[in-house]
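K.L.:
Dropping the sequence and predicted coords here.
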Amino acid sequence: MPLQPLPIATVTIGPQTWCNESLRAIQLANTLVQKSESPTKVKTKTYRDYRSQSCDTYIKPLEKGTITDEAHRALGQENEYQRPCTAPQEYLQTSQKISWPLPFLRVFCADESNHVALAYMRDVRLVVSELRQLTACVNEEVKRLIRGRESLEKALACLRKDILMNQQSIYMRTFRPAINEKEHDGADTLLDMERKQLSYLKFELETVLKETKDQQQTLCTCRKNLLTCVSERSRVLDLIPNAVLDTSTTVSLNKDLLK
């Protein structure tokens, strides 16, 4: 339900003597402020030049087209390390002349198992990356809810202070000395309306704060489940070293058979 502004109405708060004394105090304060203003202003130096005029030394820049012996030596070493990336000719000749023998059943099963494991590992790696992205999104949402919860708690604390001040103001209105001043006037009406409005705001803020806490707990539970799922799926990525090791042993066996 949206808050509706109160219509501005003229009300009489207290007797006329209070109004006259308040106006007199305001005029006196304004006169004192005008008299206390200083006609002169202190001028301060706002800028200083801290640069030293005696620092005439500088580094001479390298002229265009000149290069030192060390640079020539470094370029020569880089050119020595550059080699064309071509396949060895002996492997090409053996692959064309010699036919590979049929593998053993154990080697064949190991190769097939490695292919299946690597394919499954690739699929699981995609799943793990998506789960980590979702975990990061949930973390950001939890942080946003924590900031919103802190703001709501601060607003609720200020609202409780206002309610306490309103209660104390209503209580102090009962200690008016004169009998004719104890009648119900505009100030009492404003205090009652303020109390109702503050109570309504307190109820709304407490409801929103409760929903925020419930949503934060739900997101924390989802994040915990996501982290558990990521840790379980990440175990599959440990199959890479074993698969590579089995493949290297298979290649070594085939080379031994060729000899």
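P.N.:
Thanks, I have it.

K.L.:
Report the separation between residue 116 and residue 122.
P.N.:
From residue 116 across to residue 122, the span is 11 Å (C-beta to C-beta, to the nearest Å). Where you see a C-beta, it was placed from the backbone N, CA and C, and this is true even at glycine.

K.L.:
for this structure, which helix is longest?
P.N.:
Ranked by residue count under DSSP state H, the longest helix found in the chain is helix 105-172.

K.L.:
pLDDT (mean, whole number) over it?
P.N.:
Mean per-residue pLDDT for helix 105-172: 88.

K.L.:
for stretch 202-213, same thing?
P.N.:
Stretch 202-213 carries an average pLDDT of 92.

K.L.:
Of all the residues in that stretch, which ones are buried?
P.N.:
202, 205, 209, 212 (16 or more other C-beta atoms under 10 Å).

K.L.:
show me what contacts the second one?
P.N.:
By C-beta atoms under 8 Å, 6 or more residues apart in numbering, the contact list for residue 205 reads 152, 155, 156, 159.

K.L.:
Could you do the last one as well?
P.N.:
Applying C-beta under 8 Å, 6+ apart, we find residue 212 in contact with 145, 148, 149, 152.

K.L.:
Check those residues against residue 134 and report the nearest one.
P.N.:
Closest to residue 134 out of those is residue 145 (16.4 Å), distances taken as C-beta to C-beta.

K.L.:
Model confidence for the closest residue in space to residue 138 that isn't next to it in sequence, exactly?
P.N.:
In space, and not counting its chain neighbours, residue 138 is closest to residue 223: 4.7 Å by C-beta to C-beta, 6 or more residues apart in numbering. Note for residue 223: predicted pLDDT of 90.

K.L.:
Kindly report the same for the one 3 residues further on.
P.N.:
Reading off the confidence values, residue 226 has pLDDT 90.
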